[in-house]
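Trainee: generate a structure from the sequence data that follows.
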Amino acid sequence: MTIKTVNLKDKFDAFSDYWNPKIVGELNGQLVKLAKFKGEFMLHQHEHEDEMFLVIEGKLMMELDDKTLQINAGEFVIIPKGTNHKPMALGEVKVLLFEPDTTVNTGNTENEFTVKKLDEI
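Mentor: Numbers count the residues shown, from 1 in each chain. Just a heads-up that it's a prediction; the model follows:
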């Protein structure tokens with residue numbers, strides 16, 4: 001394994017699609033992913049994995065069963081396993097995700113947003 005720095009701006013500039021996480025690092029069975037969000041995703045949950053959403057740029061709304069959180073650039077939220085959540089992006093939002101390598105982006109639901117094979121960039 002080569003030890004190197006990762007430039008987030010360069011990595012975000014390398015793709016333009018939304019709701020399609022890209023792998024930029026791996027440690028201890030966890031993946032570090034970058035994604036661009038725009039518009040609404042879908043309500044879902046992950047039965048076995050917690051997820052961390054760190055907003056790099058933009059404003060992310062996270063709809064939960066009992067409230068909606070606003071996550072601004074420089075802030076993150078951890079969604080515990082088994083928690084219904086629906087990400088919503090007001091404009092384009094750049095997000096760093098930290099989650100187990102077994103995590104599927106749509107959790108317990110499979111649809112047009114589901115990405116089974118993530119690209120590494």
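Trainee: switch to C-alpha atoms for all contacts and neighbour counts from now on
Mentor: Will do.
Trainee: quick one: buried residues of stretch 61-72?
Mentor: Neighbour counts over stretch 61-72 (16 or more other C-alpha atoms under 10 Å) mark 61-64, 71-72 as buried.
Trainee: for the protein, name the helix or strand with the lowest mean pLDDT.
Mentor: strand 119-120 (a mean of 74; mean pLDDT, DSSP states H and E).
Trainee: please identify the helix or strand for the residue sitting nearest the centre point of the chain.
Mentor: In the chain, the residue lying closest to the centroid (C-alpha atoms, centre = their mean) is Leu97, at 4.2 Å. Element membership for Leu97 (DSSP states H and E) is strand 86-100.
Trainee: dump that strand to PDB, restricted to CA.
Mentor: This file holds the C-alpha atoms of strand 86-100, laid out as PDB (Å, rounded to 0.1, in the frame of the first residue of the first chain):
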ATOM      1  CA  LYS A  86     -33.400  10.800   3.800                       C
ATOM      2  CA  PRO A  87     -30.600  13.200   2.600                       C
ATOM      3  CA  MET A  88     -31.700  16.300   0.800                       C
ATOM      4  CA  ALA A  89     -29.300  18.700  -0.900                       C
ATOM      5  CA  LEU A  90     -30.100  22.300  -1.300                       C
ATOM      6  CA  GLY A  91     -28.100  22.900  -4.500                       C
ATOM      7  CA  GLU A  92     -25.000  20.900  -5.000                       C
ATOM      8  CA  VAL A  93     -23.500  19.500  -1.800                       C
ATOM      9  CA  LYS A  94     -20.000  17.900  -1.500                       C
ATOM     10  CA  VAL A  95     -19.900  15.200   1.200                       C
ATOM     11  CA  LEU A  96     -17.300  12.900   2.700                       C
ATOM     12  CA  LEU A  97     -18.800   9.600   3.900                       C
ATOM     13  CA  PHE A  98     -17.100   7.300   6.400                       C
ATOM     14  CA  GLU A  99     -18.800   3.900   6.600                       C
ATOM     15  CA  PRO A 100     -18.000   0.200   6.700                       C
END
